[in-house]
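> take this sequence and fold it.
(3 chains)
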Amino acid sequence: MVNRIFFLITVIGIPLSVAGNLLHWPSVIMFGVFCLTIIALAGYMGRATESLAIVAGPRIGGLLNATFGNAVELIISIFALKEGLVEVVLASLTGSVLGNLLLVAGLSFFVGGLKFKRQEFNVFDARHNSGLLMFSIIVAFVIPEVFSQQMNDGEKLTLSIGISLILILLYLAALFFKLVTHRGVYQHKEESNDVHEEPEWSAKKALIILLLATAAVAYVSESLVHTFEAVGEQFGWSELFIGVIIVAIVGNAAEHASAIIMAYKNKMDIAVEIAVGSTLQIAMFVAPVLVLISLMFEVNMPLVFTLPELIAMVSAVLVTIAISNDGETNWFEGATLLAAYVIMGIGFYLL
Amino acid sequence: MVNRIFFLITVIGIPLSVAGNLLHWPSVIMFGVFCLTIIALAGYMGRATESLAIVAGPRIGGLLNATFGNAVELIISIFALKEGLVEVVLASLTGSVLGNLLLVAGLSFFVGGLKFKRQEFNVFDARHNSGLLMFSIIVAFVIPEVFSQQMNDGEKLTLSIGISLILILLYLAALFFKLVTHRGVYQHKEESNDVHEEPEWSAKKALIILLLATAAVAYVSESLVHTFEAVGEQFGWSELFIGVIIVAIVGNAAEHASAIIMAYKNKMDIAVEIAVGSTLQIAMFVAPVLVLISLMFEVNMPLVFTLPELIAMVSAVLVTIAISNDGETNWFEGATLLAAYVIMGIGFYLL
Amino acid sequence: MVNRIFFLITVIGIPLSVAGNLLHWPSVIMFGVFCLTIIALAGYMGRATESLAIVAGPRIGGLLNATFGNAVELIISIFALKEGLVEVVLASLTGSVLGNLLLVAGLSFFVGGLKFKRQEFNVFDARHNSGLLMFSIIVAFVIPEVFSQQMNDGEKLTLSIGISLILILLYLAALFFKLVTHRGVYQHKEESNDVHEEPEWSAKKALIILLLATAAVAYVSESLVHTFEAVGEQFGWSELFIGVIIVAIVGNAAEHASAIIMAYKNKMDIAVEIAVGSTLQIAMFVAPVLVLISLMFEVNMPLVFTLPELIAMVSAVLVTIAISNDGETNWFEGATLLAAYVIMGIGFYLL
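Just a heads-up that it's a prediction; the model follows:
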């Protein structure tokens, strides 16, 4: 069903996007078309990556997921950087962190909790992730914010580049730890002898779909970025709000859907892995890569968030850790995370 | 014994309060009379609520406790708001949070720990509460502080109202979770088949006492608020100090006493529930209700604390969570919490 | 082997130090001589304290370790205070906290993790220490920073003295808890019936070595402090960087070495105890003692760190707690702590 809708949106959305660009249709309408098309294409990219991962085995598969998991967000952000929209990119990184930790995890816990009284997930993974969340948000994002207040632009950028390189290195180390030196060490028994999954598509077909969908996403993303200004003026939204709420939701919609479906099937390990794993990918891979890519453009992006963005992320990390520390979820824990998301949403809307 | 002292204070304190008001006795003396009378009346309100709760059964009883548990503080604060003393009210909310988390829990752990080497309490409740403490203090109180620095007064108030409504909603959801959907799910076996308690008073008698004591508290509280200015000048206390230390201790004295008694009887579950439960009630119910009530008065109260108040509350939450996370207490953990309270007390005194 | 190198450095370093002082050799060279000599002497002090502790039994031994464990840092700091270098002292306290929590623990976890897949340590101790880390850094260091922004110098100092007295009192209470009221209560079985260790030196010999080494450290430290200005100018290092990185590493080198050796022998309890115990000693004993000692000098030292120092310490505490909360370590957790240390190091270098 969902797949059929995505197919429809794709085959209608791409020609509409091209036509709208050529004929200069109104930005606000095209903004909607672009968003829906990207969401549908992201669905294809996700399914193609999954098929490839199954064929390639857990190690290369894990690597593929780790690289393509946030490809859509990366592509949109690169085009935004090219246009010099540094604030939008930082805001959308913030929005992805908040969206994954509070909205995705919150909805998963809440929806899953409506069906099951108590749901459990792998406590070791949760604690492993707690440490990395603290490291990436509370060290790697907080330090440049505080230190750069007494720095000039050059020192700010040097610090950002240094931190970005360390983040990427540690992200690679985390993959090496998870996929090589400690693979399966902390897993439940039941998980490890998984039923062997069948890939949806053959490797060749999956690769072609992945490449085509990525190319299409790139095209539509570039167009999307150009509508931000007009949409902001029309609806009275700030660049900050567009980044934190809109771009973040469009960029992560596909993952949001699968996390909630997994929670409803009582596969909380996977739901939590999507929410927190995706956050870590944003913080430890997408954000630093964007800092480095921005060096090739006119306007460089330092890893310095605004104070509200930073405090919102720190709060989200602390609440998530406090709530997920016991390896158990229920509907009320989901409601708490959602309430935190709504509070921050109101805050960013009013800024 | 304690009950007899409370009876004496009540029968002497109320006529003295009326006489002092009519004859304009010195504010400093009346401040003492009002404080003692309120403490004694709060004791009656607590006992009446308890009797009603036993008769009404756990669900309605839980609801009664949740509503009347901080009634005294609510009443004093409403009269202070009416006088436009917004700073005193915010300070007294801060003081209640600090007092419950550090002073009450600290004294309970310390006194209990002098008698018992190790005392245990329900870890699940502690973790459930950790999540809510993080949410209410570190999200709902921190966000408006940081975001409102870039907002005008109207936006500040809109944000405060929005957060207040969400807090009250989540507080109701927490009650629904605890009393309906997950009642008894996480309890120890021994706790669940409690000895059936006998109420101290019949439902009718308890209700009359509750209503009369509430009316008397309201009368005395209004008088108390009028003495703040004179007392502050006399002793060189700032409004902040009066709110954080004095009002908070008077408003919570009855609960303080029962928590310590419970700890001494090795009923740590109840002692912790009083300290942390009361904090959550202040943060998720009393504070947002006061924001909404203030809309009817001349001076509105936004949910924006001063930076020292906020940092003190955040520190208190983090220390409490770190200390109570293991479900065990001893005298030294109590001493640590008390030391934190004294440090903050010195800080607020010197401000 | 290590002992032989330390012996050589000592018998060469002390005469060189004296000669250099008399003949006014270049500051930059003498800086290196002084640093190496202090590191070697610190090794002697550590071994002498250990011998005395074994002879004296666990109670007095624990007290000896608690007092002499950071003697070198204390001595260097006193001479720096005498010269009015308050910023260097605060920076070196910060550097010791960061060095112990991130560099020592990080290297221990990493090196130990290269040999062992999973290493365990006493979870109770870790949680007991979590509470104290939160208390000392996030309450006792954060509160004066935030509150003193609205205070004059006199109030600032009063607050600092009050907090220092409370910290020392709680530190003594912690020793009383650990060595008297709750000795052995939370230990593993295997640990408690330790093999009886033989002291390296007799009590008399150990005492003489301890006194001589302390006297020599005091002499060399005074000389070291006088080279800071010249070294800073020569290498372009700020006082902050000298304090945070250089003084902290020289002052703690001996402990660093033993923690890593213990981790390599899979004695993680001891490695963690050195790293975290030493941090607590710095925060709860060395720092407040220095505040009180500074009252006798011309320039008083309030307990007010700079914002970057404070945020770095708070981040380090939160990351350490998140990572060590599960009582288990591996190479990747070590890498994460080291990455945090490098990020902060870059930050302080660029400031």
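> any idea how far the longest helix seen in chain A is from the middle of the chain?
Among the segments of chain A that qualify as a helix by DSSP state H, the longest is helix A:27-68. Mean-position distance between helix A:27-68 and its chain equals 11 Å (C-alpha atoms, centre = their mean, to the nearest Å).
> so what's the residue count around residue A:292?
Residue A:292: 15 surrounding residues under other C-beta atoms under 10 Å in any protein chain shown. All C-beta atoms are positioned from the backbone trio N, CA, C, and that covers glycine.
> swap that for residue A:18, please
When neighbours are defined as other C-beta under 10 Å, residue A:18 has 13 of them.
> what lies in contact with the helix or strand where it lies?
Per DSSP states H and E, residue A:18 falls inside helix A:2-23. Contact with helix A:2-23 is made by A:25, A:29-30, A:33-34, A:36-37, A:39-41, A:43-44, A:47, A:216, A:219-220, A:223, A:257, as judged by C-beta atoms under 8 Å, 6 or more residues apart in numbering or on different chains.
> just stretch A:143-155 next, same as before
Contacts for stretch A:143-155 (C-beta under 8 Å, 6+ apart): A:156, A:159-160, A:163, A:302-305, A:307, A:310, C:307-308, C:311-312, C:315, C:343-344, C:347-348, C:350-351.
> now do 6 Å
The contact list for stretch A:143-155, computed with C-beta atoms under 6 Å, 6 or more residues apart in numbering or on different chains, reads A:156, A:159-160, A:303-304, A:310, C:307-308, C:311, C:343, C:347, C:350.
> ok, back up a step: and the helix holding residue A:18, what's buried?
Buried residues in helix A:2-23, counted by 16 or more other C-beta atoms under 10 Å in any protein chain shown: A:6, A:9-10, A:13-14, A:16-17, A:20-21.
> next one: stretch A:287-299
The neighbour-count criterion (16+ other C-beta under 10 Å) identifies A:287-291, A:293-294 as the buried residues of stretch A:287-299.
> switch those over to JSON lines; also include secondary structure.
Listed next are the buried residues of stretch A:287-299 as JSON lines, based on DSSP: H, G, I helix; E, B strand; the rest coil:
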{"residue": "A:287", "secondary structure": "helix"}
{"residue": "A:288", "secondary structure": "helix"}
{"residue": "A:289", "secondary structure": "helix"}
{"residue": "A:290", "secondary structure": "helix"}
{"residue": "A:291", "secondary structure": "helix"}
{"residue": "A:293", "secondary structure": "helix"}
{"residue": "A:294", "secondary structure": "helix"}
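> take those residues and write them to JSON lines, including pLDDT and distance to residue A:103.
Formatted as JSON lines, the buried residues of stretch A:287-299 follow (pLDDT from 0 to 100; distance: C-beta to C-beta, whole Å):
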{"residue": "A:287", "pLDDT": "96", "distance to residue A:103": "19"}
{"residue": "A:288", "pLDDT": "97", "distance to residue A:103": "23"}
{"residue": "A:289", "pLDDT": "96", "distance to residue A:103": "23"}
{"residue": "A:290", "pLDDT": "97", "distance to residue A:103": "22"}
{"residue": "A:291", "pLDDT": "97", "distance to residue A:103": "25"}
{"residue": "A:293", "pLDDT": "97", "distance to residue A:103": "27"}
{"residue": "A:294", "pLDDT": "96", "distance to residue A:103": "27"}
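> can I get these in JSON lines with distance to residue C:64?
Shown next, in JSON lines, are the buried residues of stretch A:287-299 (distance: C-beta to C-beta, whole Å):
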{"residue": "A:287", "distance to residue C:64": "48"}
{"residue": "A:288", "distance to residue C:64": "47"}
{"residue": "A:289", "distance to residue C:64": "52"}
{"residue": "A:290", "distance to residue C:64": "53"}
{"residue": "A:291", "distance to residue C:64": "50"}
{"residue": "A:293", "distance to residue C:64": "56"}
{"residue": "A:294", "distance to residue C:64": "55"}
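> continuing past the lowest-mean-pLDDT helix or strand in chain A, what's the next helix or strand?
Counting by mean pLDDT, DSSP states H and E, chain A has its least confident helix or strand at helix A:189-192, which shows a mean of 48. Along the chain past helix A:189-192, the next helix or strand (assigned with DSSP H and E) turns out to be helix A:203-235.
> and the angle from that next one to helix A:2-23?
If you take axes from the mean of the first three to the mean of the last three C-alpha atoms, to 10 degrees, helix A:203-235 sits at 60 degrees to helix A:2-23.
> name the helices or strands packed onto helix A:203-235?
Using 3 or more C-beta pairs under 6 Å, 6 or more residues apart in numbering or on different chains; DSSP states H and E, the elements in contact with helix A:203-235 are helix A:2-23, helix A:27-68, helix A:71-82.
> mean confidence for the second one?
Averaged across helix A:27-68, pLDDT comes to 86.
> quick one: residues contacting the nearest residue to residue A:171 once chain neighbours are set aside.
Using C-beta to C-beta, 6 or more residues apart in numbering or on different chains and skipping residues adjacent in sequence, the residue nearest residue A:171 is residue A:284, 4.1 Å away. Residue A:284 is in contact with A:136, A:167, A:171, counting by C-beta under 6 Å, 6+ apart.
> against residue A:98, how distant is the second one?
So that's residue A:167. 19 Å (C-beta to C-beta, to the nearest Å).
> please apply the same query to the last one.
Counting by C-beta to C-beta, the separation of residue A:171 from residue A:98 is 20 Å.
> now swap in the first one and tell me
Plainly put, residue A:136 is 14 Å away from residue A:98 if you go by C-beta to C-beta.
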